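**Student:** quick one, what's the 3D model for this:
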Amino acid sequence: MTALLLRDLKLSIRAGGGALIGVLFFLTVVAVIPFGVGPDLALLSRIGPAIVWIGALLAALLGLDRLFQAERDDGSLDLMLMHEHPLVLTVLVKCLAHWIATSLPLVIASPLLGLFMNMSETAIGATMLTLLVGSPAITFIGAVGAAVAVALPRGGLLVSILVLPLTIPVLIFGVSATYAAVEGPSPFLPPFLILIALTLFFAVIGPAAATLALRNTSD
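**Tutor:** Residues are numbered from 1 along each chain as shown. You can find the predicted model right below:
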């Protein structure tokens with residue numbers, strides 16, 4: 001499992017630019033917002049957490065189609081399906097490697113974009129924390145879409161279409177927790193705990209559903 005994790009990290013970084021492409025897309029999405037909204041610093045500060053979350057969500061969707069594509073192309077997907085280790089554990093490790101390579105850099109880059117959006121220190125810290133907790137859920141949900149579309153030659157757009165509606169609850173509670181930490185009197189803890197629960201829920205459901213989809217695809 002450790003060898004698989006390290007292998008997938010290398011593949012995620014090398015393939016298509018990996019983390020760099022995601023971070024650049026993240027920067028681009030958030031950077032164009034002030035030009036459309038105008039030089040209203042109060043408005044930018046107010047909508048900043050939502051914009052950063054939306055940018056991170058869209059950037060995280062970019063590389064999901066490559067989650068199982070390399071194994072499909074070189075034929076190792078069939079070996080994964082026949083391996084003695086449980087396939088669901090293999091999928092879980094691949095999701096973890098994909099999150100480290102693509103979503104974790106977005107979390108690290110979020111404070112810089114928070115400054116760009118004139119967000120307060122509390123808002124930046126809350127946004128970074130909620131992204132750290134909530135972004136794994138996006139990867140686990142995306143694994144299902146990637147497994148469904150793995151047999152398609154150009155399944156990238158299909159993966160995004162399948163995954164995006166399912167990630168809306170993660171987006172809602174991530175933004176809600178951030179605003180609760182900044183504005184009050186709404187407490188920060190309830191939406192934050194729901195966000196953690198969503199991540200834990202999809203950490204169980206996502207790999208299992210992706211495993212089932214991969215087996216059906218191979219059949």
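
**Student:** from here on, just use CA atoms for contacts and neighbour counts.
**Tutor:** Fine.

**Student:** look up how far V91 lies from T2.
**Tutor:** With the distance defined as C-alpha to C-alpha, to the nearest Å, T2 ends up 13 Å from V91.

**Student:** how about A210?
**Tutor:** As defined by C-alpha to C-alpha, A210 lies at a distance of 7 Å from V91.

**Student:** and the longest helix seen in the chain, what does it pack against?
**Tutor:** Ranked by residue count and defined by DSSP state H, the top helix of the chain is helix 189-218. In terms of contacts (3 or more C-alpha pairs under 8 Å, 6 or more residues apart in numbering; DSSP states H and E), helix 189-218 is packed against helix 87-98, helix 121-148, helix 168-182.

**Student:** which other residues reach the last one?
**Tutor:** Judged by C-alpha atoms under 8 Å, 6 or more residues apart in numbering, the contacts made with helix 168-182 from elsewhere in the structure are 49-50, 53-54, 57, 122-123, 126-127, 130-131, 134, 137-138, 186-192, 194-195, 198.

**Student:** that helix vs helix 189-218, what angle?
**Tutor:** Between the direction of helix 168-182 and that of helix 189-218, the angle (axes from the mean of the first three to the mean of the last three C-alpha atoms, to 10 degrees) works out to 160 degrees.

**Student:** try the second one
**Tutor:** Interaxial angle, helix 121-148 versus helix 189-218 (the same axes, to 10 degrees): 20 degrees.

**Student:** any idea which helix or strand comes after helix 121-148?
**Tutor:** Tracing the chain past helix 121-148, the next element assigned as helix or strand by DSSP states H and E is helix 156-163.

**Student:** using PDB, list the CA coordinates for that next one.
**Tutor:** Below are the C-alpha coordinates for helix 156-163, written out as PDB (Å, rounded to 0.1, in the frame of the first residue of the first chain):
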ATOM      1  CA  GLY A 156     -13.200  14.200 -18.100                       C
ATOM      2  CA  LEU A 157     -16.300  16.400 -18.700                       C
ATOM      3  CA  LEU A 158     -18.600  13.500 -17.700                       C
ATOM      4  CA  VAL A 159     -16.800  13.100 -14.400                       C
ATOM      5  CA  SER A 160     -17.200  16.800 -13.600                       C
ATOM      6  CA  ILE A 161     -20.900  16.600 -14.500                       C
ATOM      7  CA  LEU A 162     -21.500  13.500 -12.400                       C
ATOM      8  CA  VAL A 163     -19.500  14.800  -9.400                       C
END
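
**Student:** enumerate every residue touching the nearest residue to L92 once chain neighbours are set aside.
**Tutor:** Of all residues not flanking L92 in the chain, P207 sits nearest, at 5.7 Å (C-alpha to C-alpha, 6 or more residues apart in numbering). Under the criterion of C-alpha under 8 Å, 6+ apart, the contact list for P207 reads 88-89, 91-92, 140, 143-144.
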